[in-house]
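Enquirer: starting from these lines, generate the structure:
(2 chains)
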Number of protein chains: 2
Amino acid sequence: MQEFKVTTGALPASEKTYVTGSRADIRAPLRLIHLHPSAGEPPFPVYDTSGPYSDPTVTIDIRKGLPRPRTAWVEAQGDTEAYESALAAALRAQGSAKPFPVVHTPRRAKAGKAVTQMAYARAGIITPEMEVAALRENMGRKQAKEALARDGEPFGAEIPDFITPEFVRKEIAEGRAILPANINHPELEPMVIGRNFLTKINANIGNSAVTSSMAEEVDKLVWAIRWGADTVMDLSTGRNIHNIREWVVRNSPVPIGTVPIYQALEKVNGVAEDLTWEIFRDTLIEQAEQGVDYFTIHAGVRLAYIPLTADRVTGIVSRGGSIIAKWCLAHHKENFLYTHFDEICDICRAYDVSFSLGDGLRPGSTADANDAAQFAELETLGELTKIAWAKDCQVMIEGPGHVPMHKIKANMDKQLAVCGGAPFYTLGPLTTDIAPGYDHLTSAIGAAMIGWFGTALLCYVTPKEHLGLPDRNDVKVGVISYKIAAHAADLAKGHPAARLRDDALSRARFEFRWEDQFNLALDPETARDFHDQTLPKEAHKLAHFCSMCGPKFCSMRISQEIRDEARTAGMAEMSEKYREAGDLYVPAE
Amino acid sequence: MQEFKVTTGALPASEKTYVTGSRADIRAPLRLIHLHPSAGEPPFPVYDTSGPYSDPTVTIDIRKGLPRPRTAWVEAQGDTEAYESALAAALRAQGSAKPFPVVHTPRRAKAGKAVTQMAYARAGIITPEMEVAALRENMGRKQAKEALARDGEPFGAEIPDFITPEFVRKEIAEGRAILPANINHPELEPMVIGRNFLTKINANIGNSAVTSSMAEEVDKLVWAIRWGADTVMDLSTGRNIHNIREWVVRNSPVPIGTVPIYQALEKVNGVAEDLTWEIFRDTLIEQAEQGVDYFTIHAGVRLAYIPLTADRVTGIVSRGGSIIAKWCLAHHKENFLYTHFDEICDICRAYDVSFSLGDGLRPGSTADANDAAQFAELETLGELTKIAWAKDCQVMIEGPGHVPMHKIKANMDKQLAVCGGAPFYTLGPLTTDIAPGYDHLTSAIGAAMIGWFGTALLCYVTPKEHLGLPDRNDVKVGVISYKIAAHAADLAKGHPAARLRDDALSRARFEFRWEDQFNLALDPETARDFHDQTLPKEAHKLAHFCSMCGPKFCSMRISQEIRDEARTAGMAEMSEKYREAGDLYVPAE
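Expert: Sure thing, here's the model as predicted:
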């Protein structure tokens, strides 16, 4: 079964564990990194997105899918019903991809009910999903007293010392956070997206018409979450799209997002002009039944804005945006996603699919950043947010794109101003256009900054951006790059627990605990490999130096010697003495 | 002669050329990137650091060294004299590295003369060096009318539309810029470092006691400047240090910096306590005779500041800083670099070695950023700057290190406030400590930001930082990462010509000129390779799509179709009509 192989097992020195909430079935995953006994420190807890794949007690069989703990929670709400889907059977037979072997009956809201986390939150209900999301946000903060030392510039974010389930509820109720959790995705480990929580990252997977298969996509999903992807978007296109998505959702512990217009376009053989509301609506329902947790909907690409892109250097670079623009111009009609937005809300409300309001007119070059087209669309997204909220639908807002550093903050400020505090979800932004092959880096700069300013979810960019389809290694590099950006943002915002990991790693570094330094790193395998390229012997991992400086020039070693000597001499007294004496020597002028 | 092989030849589609100044021998290198005829655009000019290695008309033989065009300029000043060095002959015989085959007689200032670019600038003299530096800054800006469109936030930088030799002179005279150009480095292609010029980057090379050889170091030098390093520091340690440096300087068209304390420590067999002013002084003279262009001098590590590092998470992480700290504590004496600073200035003044005042107490972890030790030293560096300036010595100031994003700007602001506008030269800063293996990226985030705020020279960090000695590929990744950071900084500062390259590449992208997109990239080889991994055929480089989306979903292709259709229909009129009509449709509320 080589074709169904995915990566399982714990990360180095790591233990998969769970924090249990108010009931035994409410539990949040947590990874504990064990340190060397000489550290004298307890295992270090880190947020864990890897799902059951890193749990040695779970047997993984991707032909069966993951365990479905949320089934009981959804049923217990008593506001949904199972039904036979007319759409699904026919779709399973399409394309050449193997259908997922297990068929689950979809559920939807009973007539008139809103089954969204926002509806529950507004009704004052703390769902099990909210409780799990709260538990995992704290990353063992209760154990860490120093966590409460605040140091940062939050730009208006209000991150509490500890995340309670009630705080999660309140943030969702007021629209500042979303908890993407389709009732048909019971495999989900719930998580929350909002600027008062840890900054999250999204990884895109998906085949294209040109290359890649279903087995590869599931492998990329598992690989992406192993390294830290909080959500995954399946951007597959081509004839196999329905079945590929089923394999992905059934095997995903993280929220899955899609861009439904891609599949709708496949249904009309790629002719944008032939798209209709009915085809699109059925596509939404089909995907909602499969358990997709959030939809990118390009409802803000209004007919009147399209001419604003005429003089751009790179026109419209969003796939969805360009499809809609083509439809609008061909028919000389307003975007049907805009005119039917109310009906889209009704579908999202019945399955709890969150909106990711797409920025179809985002800039594709630094030249086009913050232009009239981009900001006109953003204002419309603000309008649509209010409509969705009126239907109890959860909303986040997509943002750019390509933006030079001095124009990044204006994006965040305007989004906050016009979208009522709904979470921002940006692609990068890339801070220059001149480095294809390194756009994970050009964009990590922008992502770190906009994350600091308040973006809640950062969509990764891989080294292959603009050039080709990412492979497994590109996915990993993209994820790690964005974990760095998100963490740098949390540090700068003054997240109360973010610096704990930096400090733990820095202590390991200063004390030459090489193994701990590797194991606490975002990518332990690469850190170890780079060290071993010059000093491969096991003994070198106990050495009080590395190959950069060698033993004689190791500043940390000298610094420790100084500290040891000074401790004997009484460092504090010495400091006092020198300061009292003022300048012992004056420069020879 | 495999051991003496370096990379030569032009970059893809590139032509090595020169811009000639007021005399035939005053010429600045420039690279022209030729574009596809369908672009209808002239060749695109880019700043060129690669030296004669990319010039097909120059025969490269690293055993002879590069041509020495500055010899005539230095001699023409009439203020220097050649002399037999008592030091050099003995040093050449030391160690196991092959001595450089050609022996050049060193020069120094005639008694009482200051031969620094600052001295000339203050005397109102525009040197040939200043003229070359001015010519290359403009990157063909005279040809580009749109270059004058300003868009940025310069934070007080005052970048003129065109750089004149007089502007270079004035900036050097007032201490806001340096032109590192030892009179014994006639192979140099002069360049200028200051916040009113293009942001520059430095690459570190150098063997360590543990690994690597002379041939490797010359190869790394040539490789680093091929990809864009503006200056190179030779951080070699070990017994071969004198001869390795001679090979490096004789083959370097870019300024070479060193940290002389490393060699001084070798001379006392690694025992910091045994260092003396006399040994250090002789080391400075030895290196000045070889042509080193700037010295890192850790004169700000004062005895009274050392106890301030006692409670740090990572103590002292500068190699030079820790050596000096150890000496100070062992003798309970003030730093001899501080007490002898005046005499160091006299040496620098006699050869025109620029100061890079070292930040020996920089933070080695985000926990230690912006602390009392760091800022106390920075204030002392400001004091020393004034002393150096009084001796007509050129000065830049080294900065951190590890700094979370919200504490970066305070570093730049304080440096500007206390160092009189002398150029800032920072290492990163790294914005988080948790990603060893990716510190080129954690630090490129900080470098882009601090470059935007005003840092003139960014010292690169490679992926091997904290783990091992960088190899050739690490050097390239480090250089490209920092070219990205420097360029993103220039864009954000509103450098009048920076966006030209972004726009040229974006046009190539939008018009599916794949070859032009590769060739305009900072790393054409990687861009092409990534494209070819999924679509290797030559025909695909003419295709109006790539493997990311395939032909049907290519937004740029659709966007071009829209534009073509709209042009026929009269886009401007349409836009007007829609806007007048107001909302054609209102949302279905």
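Enquirer: Three-state assignment for the spatially most central residue of chain A, please.
Expert: Within chain A, one residue has its C-alpha closest to the average C-alpha position: by C-alpha atoms, centre = their mean, that is A:Ile201, at 2.3 Å. The three-state assignment at A:Ile201 reads strand, by DSSP: H, G, I helix; E, B strand; the rest coil.
Enquirer: that one against A:Leu457, yeah?
Expert: Yes. If you go by C-beta atoms under 8 Å, A:Ile201 and A:Leu457 touch, sitting 7.1 Å apart. Every residue, glycine included, has its C-beta placed from N, CA and C.
Enquirer: who touches both of those two?
Expert: With contacts taken as C-beta atoms under 8 Å, 6 or more residues apart in numbering or on different chains, the residues that reach both A:Ile201 and A:Leu457 are A:Asp230, A:Thr231.
Enquirer: and the pLDDT at the residue nearest to the centre of chain A?
Expert: For A:Ile201, the model assigns a pLDDT of 98.
Enquirer: which strand residues bridge it?
Expert: Beta-bridge partners for A:Ile201, by DSSP bridges, are A:Leu458.
Enquirer: what's near enough to touch it?
Expert: With the criterion set at C-beta under 8 Å, 6+ apart, A:Ile201 makes contact with A:228-231, A:457-460, A:479, A:482-483, A:485-486.
Enquirer: same thing but at 10 Å, please
Expert: A:49, A:224, A:227-231, A:447, A:451, A:457-460, A:478-487 (C-beta atoms under 10 Å, 6 or more residues apart in numbering or on different chains).
Enquirer: which of those fall in helices?
Expert: Among these, the residues falling in helices (DSSP state H) are A:224, A:227, A:447, A:451, A:478-487.
Enquirer: show the buried residues in those residues.
Expert: Neighbour counting with 16 or more other C-beta atoms under 10 Å in any protein chain shown marks A:224, A:227, A:447, A:451, A:478-487 as buried within the ones in helices among the contacts of A:Ile201.
Enquirer: need the max-distance pair from these.
Expert: A:Ala224 and A:Gly451 (18.4 Å; C-beta to C-beta).
Enquirer: where in chain A is the helix or strand with the lowest mean pLDDT?
Expert: helix A:571-581 (a mean of 53; mean pLDDT, DSSP states H and E).
Enquirer: could you count how many residues lie near A:Lys98?
Expert: Per other C-beta atoms under 10 Å in any protein chain shown, the neighbour tally for A:Lys98 reads 16.
Enquirer: before we move on, what about the one 3 residues further on?
Expert: The local packing of A:Pro101 (other C-beta under 10 Å) involves 13 other residues.
Enquirer: and the gap between it and B:Thr8?
Expert: Per C-beta to C-beta, to the nearest Å, A:Pro101 is found 59 Å from B:Thr8.
Enquirer: can you check A:Ala157 too?
Expert: Distance from A:Ala157 to B:Thr8, by C-beta to C-beta: 53 Å.
Enquirer: quick one, which of the two is more surrounded?
Expert: Taking other C-beta under 10 Å, A:Ala157 and B:Thr8 do not tie; A:Ala157 has more neighbours (20 against 16).
Enquirer: quick one, phi/psi of the more buried one?
Expert: Taking degrees, to the nearest 10, you get phi -70, psi 150 for the backbone angles of A:Ala157.
Enquirer: residues in contact with it?
Expert: Applying C-beta under 10 Å, 6+ apart, the residues contacting A:Ala157 are A:176, A:194-197, A:199, A:452-454, A:456, A:493-495.
Enquirer: filter the residues you listed down to the ones near chain B?
Expert: Restricting those to those near chain B by C-beta under 10 Å from any C-beta of the partner chain leaves A:Trp452, A:Lys493, A:Gly494.
Enquirer: the first one against A:Lys493, yeah?
Expert: Yes. Applying C-beta atoms under 10 Å, one finds A:Trp452 in contact with A:Lys493, separated by 6.0 Å.
Enquirer: intersection of neighbour lists for those two?
Expert: By C-beta under 10 Å, 6+ apart, the residues touching both A:Trp452 and A:Lys493 are A:Gly152, A:Glu153, A:Pro154, A:Phe155, A:Ala157, A:Thr199, B:Pro404, B:Met405, B:His406.
Enquirer: on that earlier part again, A:Ala422: which of the contacts of A:Ala157 is nearest?
Expert: Nearest to A:Ala422 among the contacts of A:Ala157, with distances taken as C-beta to C-beta, is A:Arg176, at 7.3 Å.
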